[in-house]
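Participant: Dropping the sequence and predicted coords here.
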Amino acid sequence: NAGVMQNPRHLVRRRGQEARLRCSPMKGHSHVYWYRQLPEEGLKFMVYLQKENIIDESGMPKERFSAEFPKEGPSILRIQQVVRGDSAAYFCASSGSDTYEQYFGPGTRLTVT
Amino acid sequence: GNSVTQMEGPVTLSEEAFLTINCTYTATGYPSLFWYVQYPGEGLQLLLKATKADDKGSNKGFEATYRKETTSFHLEKGSVQVSDSAVYFCALEIQGAQKLVFGQGTRLTINP
């Protein structure tokens, strides 16, 4: 049973470009969570999604950030017009509907130049 | 609000030393408590958890006891190894909220 997959592992974007981060949950999991880790800090919750629904986006910045988890395919975290302050590690986690225990992917490290 | 405060790092110990990493929390409901470990360049792995007061979580020689009276969940290990070098995160989850609140992490280095 493959774990949570994220790609790319490393992403470099220039200021003003768009960043798309992908997350494929563990097989059988229908809940996805996105977290951001700034350098030398803990992880901060961004958004919680189920298939085709955003359940809790209380941690998402109001502008430029969006997330989706379509019926088919991976969850996508999209950052438009990136700025240097968006440089961070973005982690995805998934869970099933029985225990809600979250399993984390390896993360995508975004660098904005 | 809900928050987690961890012992400031970095922590450096010699192999076979006793380890304690302090963690305290504030929560509005009845949280579950977790310790996660992050090895260099990797994602987080669940190390142990406790879901109610006085529960003890344990794994790979690590232990932590859920203390409601002191709102604490300190991580301990009797004899650390070089391979335990990593960043350790304490976290809580409010029942029904399905989102984790993390402490800032404690970097642990074990020297041979």
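Facilitator: All right, it came through fine.
Participant: where does A:E41 fall, phi/psi-wise?
Facilitator: The phi and psi values for A:E41, taken as degrees, to the nearest 10, are phi -130, psi 170.
Participant: my read: A:M26 touches A:A93, true?
Facilitator: No: between A:M26 and A:A93 there is no contact, the gap being 9.5 Å when judged by CB atoms under 8 Å. The way it works is simple: take the backbone N, C-alpha and C, and place the C-beta from them, glycine included.
Participant: Neighbour count: these two, which is higher?
Facilitator: Between A:M26 and A:A93, counted using other CB atoms under 10 Å in any protein chain shown, the more crowded position is A:A93 (26 against 16).
Participant: Next, the contact list for the more buried one, please.
Facilitator: Neighbour list for A:A93: A:V4, A:V32, A:Y33, A:Y35, A:Q102, A:Y103, A:F104, A:G105, B:L100 [criterion: CB atoms under 8 Å, 6 or more residues apart in numbering or on different chains].
Participant: re earlier: overlap in contacts of A:M26 and A:A93?
Facilitator: Counting by CB under 8 Å, 6+ apart, the common neighbours of A:M26 and A:A93 are A:V4, A:Y103.
Participant: what's near enough to touch B:E16?
Facilitator: With CB under 8 Å, 6+ apart, B:E16 has these contacts: B:S79, B:V80, B:Q81.
Participant: rerun at 10 Å
Facilitator: Counting by CB atoms under 10 Å, 6 or more residues apart in numbering or on different chains, B:E16 touches B:G78, B:S79, B:V80, B:Q81, B:I110, B:P112.
Participant: Let me have those in JSON lines, adding pLDDT, distance to chain A and neighbour count as columns.
Facilitator: Listed next are these as JSON lines, based on pLDDT from 0 to 100; distance: CB to the nearest CB, whole Å; neighbours: other CB atoms under 10 Å in any protein chain shown:
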{"residue": "B:G78", "pLDDT": "96", "distance to chain A": "26", "neighbour count": "11"}
{"residue": "B:S79", "pLDDT": "96", "distance to chain A": "27", "neighbour count": "11"}
{"residue": "B:V80", "pLDDT": "97", "distance to chain A": "22", "neighbour count": "20"}
{"residue": "B:Q81", "pLDDT": "97", "distance to chain A": "23", "neighbour count": "13"}
{"residue": "B:I110", "pLDDT": "97", "distance to chain A": "20", "neighbour count": "19"}
{"residue": "B:P112", "pLDDT": "94", "distance to chain A": "25", "neighbour count": "7"}
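Participant: Of those, which belong to helices?
Facilitator: Among those, no member falls in helices (criterion: DSSP state H).
Participant: List just the nearest of those to A:V83.
Facilitator: Using CB to CB, B:I110 comes nearest to A:V83 of the contacts of B:E16, at 37.8 Å.
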